[in-house]
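S.K.: show me how the following folds:
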Amino acid sequence: MIYTITFNPALDYIVKMDKFELGHVNRTTREDVYAGGKGINVSIVLNNLSVENKALGFIAGFTGEEIERRVREFGCETDFVRLKNGMSRINVKMKADVESEINGGGPDISNEALEELYLKLNALKSGDILVLAGSIPKTLPVDIYERIMKKYGDRGVKFIVDTTGESLLKVLNYKPFLIKPNHHELAELFNVKINSQQEIVEYGKKLQEMGAENVLISMAGDGAILIKSNGEAIYSEVPKGVLKNSVGAGDSMVAGFIAGFIKEEKLEDGFIMGVATGSASAFSEGLATKDKVEELLAELK
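M.R.: Next up is the predicted model:
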């Protein structure tokens with residue numbers, strides 16, 4: 001079974017307007033609402049690719065109920081912890097002559113609620129995949145990823161971690177099956193400027209030396225690199241297309257990697273499927289669909 005965790009899901013309220021004027025009444029030309037959060041995005045794309053999975057995390061209030069409703073509307077199975085107080089956050093994303101975002105803080109998560117999540121994770125068994133993705137809310141322990149990996153690491157679970165900075169570096173001791181920094185995040189991890197694919201591979205291998213099993217590095221329009229557990233690095237260009245939406249492309253790459261890998265447990269299959277799926281979201285208004293992924297996959301192969 002594949003599980004995703006989104007600690008701080010949101011309703012993403014996306015408004016488009018020709019121009020945003022500070023201090024004035026602004027009229028939108030289009031409005032959209034999505035269930036947001038990196039783990040949720042992974043779950044939705046997996047479901048679009050006909051891969052069974054379960055979305056976990058914390059929700060609260062009427063916004064939490066709407067998040068769950070929208071996720072289930074995509075056909076996803078959910079098992080969220082319902083918090084007694086507060087409300088799940090709303091993120092406002094304004095797309096105009098200048099793009100701006102206002103992100104909510106989210107509800108408080110109690111120790112009791114965290115224990116409830118652990119009870120749900122007790123179902124993890126050998127061969128399962130657990131995706132840990134996104135930021136950690138201020139009311140959770142800053143080492144929550146590490147705690148989960150330590151608690152369930154001896155069960156033969158494959159951990160896929162998509163986070164940044166210290167949060168990523170600290171989980172490497174627990175030997176995640178896959179991590180997915182982009183090339184900018186990779187440079188920030190080592191406080192360097194990266195100028196070539198060779199340097200990307202060099203620093204990606206340093207993350208392997210620190211504990212990561214496989215390292216998937218996305219480079220936006222410049223393609224992607226997978227450094228396999230045996231040290232081999234493979235590169236793929238991205239398909240040709242018009243960028244419409246960068247939100248969720250990285251999460252879609254993770255979902256595509258899982259969908260490709262689980263068929264025959266071949267890393268190369270996961271890599272190419274990941275590149276196609278990430279591109280499918282980038283070239284669409286919403287998240288990747290199966291038809292779009294298959295179209296781009298044919299081009300890559």
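
S.K.: strands of the stretch 201-301 of the chain, residue ranges please.
M.R.: Using DSSP state E, counting those that start in this stretch, the strands found in the stretch 201-301 of the chain span residues 214-218, 224-227, 233-236.

S.K.: mind listing what the second one pairs with, with the direction of each?
M.R.: Strand pairing for strand 224-227, determined by DSSP bridges: strand 214-218 (antiparallel), strand 233-236 (antiparallel).

S.K.: nearest to L121, out of the ones you listed?
M.R.: strand 214-218 (22.5 Å; CB to CB). Where C-beta positions appear, they are placed from N, C-alpha and C, glycine not excepted.

S.K.: re the thing from before, with distance to L178 and mean neighbour count as extra columns, can I get the strands of the stretch 201-301 of the chain in a markdown table?
M.R.: Shown next, in a markdown table, are the strands of the stretch 201-301 of the chain (distance: least, CB to CB, whole Å; neighbours: other CB atoms under 10 Å):
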| stretch | distance to L178 | mean neighbour count |
| --- | --- | --- |
| strand 214-218 | 5 | 25 |
| strand 224-227 | 9 | 24 |
| strand 233-236 | 14 | 16 |
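
S.K.: next, format those strands as CSV and append distance to I160.
M.R.: Formatted as CSV, the strands of the stretch 201-301 of the chain follow (distance: least, CB to CB, whole Å):
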stretch, distance to I160
strand 214-218, 9
strand 224-227, 13
strand 233-236, 18
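
S.K.: using CSV, lay out those strands together with distance to E285 and mean pLDDT.
M.R.: What follows is the strands of the stretch 201-301 of the chain, written out as CSV (distance: least, CB to CB, whole Å; pLDDT from 0 to 100):
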stretch, distance to E285, mean pLDDT
strand 214-218, 20, 96
strand 224-227, 22, 96
strand 233-236, 24, 95
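
S.K.: as JSON lines, the strands paired with strand 224-227 with distance to V247 would be great.
M.R.: Listed next are the strands paired with strand 224-227 as JSON lines, based on distance: least, CB to CB, whole Å:
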{"stretch": "strand 214-218", "distance to V247": "14"}
{"stretch": "strand 233-236", "distance to V247": "22"}
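
S.K.: return the residues in contact with the residue lying closest to K150 once chain neighbours are set aside.
M.R.: Once flanking residues are discounted, K150 sits nearest to Y174: 6.2 Å by CB to CB, 6 or more residues apart in numbering. Contacts for Y174 (CB atoms under 8 Å, 6 or more residues apart in numbering) come out as 146, 149-150, 153, 159, 211.

S.K.: which pair of these spans the longest distance?
M.R.: K150 and G211 (12.8 Å).

S.K.: hang on, the earlier thing: buried subset of the contacts of Y174?
M.R.: Neighbour-count burial (16 or more other CB atoms under 10 Å) is assigned, among these, to 146, 149, 159.

S.K.: let me see the contact set for V33.
M.R.: Neighbours of V33 in contact, by CB under 8 Å, 6+ apart: 11-14, 70.

S.K.: out of the buried ones among the contacts of Y174, the closest to I5 would be?
M.R.: F159 (10.6 Å).
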